[in-house]
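**Q** Please work out how this folds:
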Amino acid sequence: MKAITPFTYTLAIATLVTACSSSPTGRTQFVLLPDSKLNEMGVASFNQMKEEIPETNNTQTSKNVQCIADRIIAVLPEKYRSQEWEVRVFDSEQVNAFALPGNKIGVYTGLLNVAQNQSQLAAVMGHEVGHVLARHGNERVSTQLATSQALAIGYQISGEETPEKKAIFQGLGIGAQVGIILPFSRVHESEADFIGLELMAKAGFDPRESVSLWENMSKAGSSKTPELLSTHPSNSTRIQDLNAAMSSPLAIYNNLKNLGKNAHCY
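**A** Below is the predicted model:
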C-alpha cells in the first residue's frame, strides 16, 4: 500500500486554501477547476442535448423565451453580458429549464404549463442563470472530488483491511452524501433563487410571480422527496424565503414600471 507522505498533506492543504473564492452573495466557496473547463463541459452537454431532444417548432414560443432571456442577459455583470448566449426551447414534457457554463440556456416546453406568464418563466430562467453566475457547477464538482479524495485518503491511513473497516467507510460515504453534498446543493438552490429574484426584477419582470410559480409547482406536485434527502429546498421553504427577500427586488421592479421600462415579452 502506498504511504501518504507529509508532502501529500501539504499539497492537499495548499489546494484547499487556494481554492476558496466568494459567490455573488458573498458566501465563501470551494472551487478546484478552471472556469474554462466547466465551460467546455457545458457546451459539450448542450450540444449533446440538441442532438437527442428536438427543438420546438412553435416559433412564437421560441420568440417569447428568447425575449425573456435577452432581458435577463442585458442586466448581467459585464463579464457575462458581453458574451454570446445560446437559447433553445426543447420539445419535451419535462417541467424544467437550465443554464450551463459556456452561456447556454435551455427551456422545456413542459415548463410552460406551470409557468403561466412571462414573469413566472423569468423567475425560472433567472434562477438557472444564477447558478452560472455563482459558479455552482464548479463548486459542486469540486466538493464531490474533495469528498471522495478525503475518504480515499482516510481509508489508506486507517490500517489493515477488515470487514468492520469496510462497513465503516461505506457508512461514511452515505454520511458524506446526506451531510455534505445534499445540503450543500440546497444552499446552491436557495442562493440561485435570491440571485434570480434580483435578475428578474432588474430585467423588468414582477418578482412576486416567483412565489406564484412555486405555488403552481406545489399544486402540480413537483417534488414529494423529503427535504432532508433532496438537493432542492421544499416548495414551502422556497416560498417562505422568497417572500422574506422580496422587498428590494420589488422596489427595483416598481421603479422600472413607473418609468415604463417593465418587460413586455408576451
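
**Q** What pLDDT does the model give the nearest residue to residue 239 once chain neighbours are set aside?
**A** Nearest non-adjacent residue to residue 239, counting by C-beta to C-beta, 6 or more residues apart in numbering: residue 214, 5.0 Å away. For glycine as for every other residue, the C-beta is placed from the backbone atoms N, C-alpha and C. Looking at residue 214, its pLDDT reads 90.

**Q** what about the strands in the stretch 101-250 of the chain?
**A** Using DSSP state E, counting those that start in this stretch, the strands of the stretch 101-250 of the chain run over 104-108.

**Q** Where does pLDDT dip in it?
**A** Counting by pLDDT under 70, the stretch 101-250 of the chain shows low-confidence ranges at 145-184, 221-232.

**Q** the helices in it, which residues?
**A** 118-133, 136-157, 163-176, 182-202, 209-220, 235-244, 247-258 (DSSP state H, counting those that start in this stretch).

**Q** The first one relative to helix 182-202, how many degrees between them?
**A** Taking axes from the mean of the first three to the mean of the last three C-alpha atoms, to 10 degrees, one finds that helix 118-133 is oriented at 130 degrees with respect to helix 182-202.

**Q** my read: the residue nearest to residue 239 touches residue 237, true?
**A** No. Using C-beta atoms under 8 Å, residue 214 is not in contact with residue 237, being 9.5 Å away.

**Q** Which one's more surrounded, these two?
**A** The neighbour comparison of residue 214 against residue 237 (other C-beta atoms under 10 Å) goes to residue 214, with 25 against 16.

**Q** Roughly how far does that one sit from residue 243?
**A** Distance of residue 214 to residue 243, computed by C-beta to C-beta, to the nearest Å: 10 Å.

**Q** Repeat that for residue 130.
**A** Separation of residue 130 from residue 243 (C-beta to C-beta): 18 Å.

**Q** Without its sequence neighbours, what residue ends up closest to residue 116?
**A** Once flanking residues are discounted, residue 116 sits nearest to residue 216: 6.6 Å by C-beta to C-beta, 6+ apart.

**Q** just checking, residue 92 touches residue 107?
**A** No. Here residue 92 does not reach residue 107: they are 9.7 Å apart, not a contact under C-beta under 8 Å.

**Q** Residue 22: neighbouring residues, count only.
**A** 11.

**Q** Can you pull the phi/psi pair for it?
**A** Main-chain dihedrals, residue 22, degrees, to the nearest 10: phi -130, psi 140.

**Q** gap between it and residue 191?
**A** Distance from residue 22 to residue 191, by C-beta to C-beta: 12 Å.

**Q** what's the span of stretch 93-110 from first residue to last?
**A** Using C-alpha to C-alpha, to the nearest Å, the end-to-end distance of stretch 93-110 comes to 4 Å.

**Q** Name the residues of it that are buried.
**A** The neighbour-count check on stretch 93-110 (16 or more other C-beta atoms under 10 Å) flags 95-110 as buried.

**Q** Please apply the same query to stretch 191-211.
**A** Residues of stretch 191-211 classed as buried: 191-211 (neighbour count, 16+ other C-beta under 10 Å).
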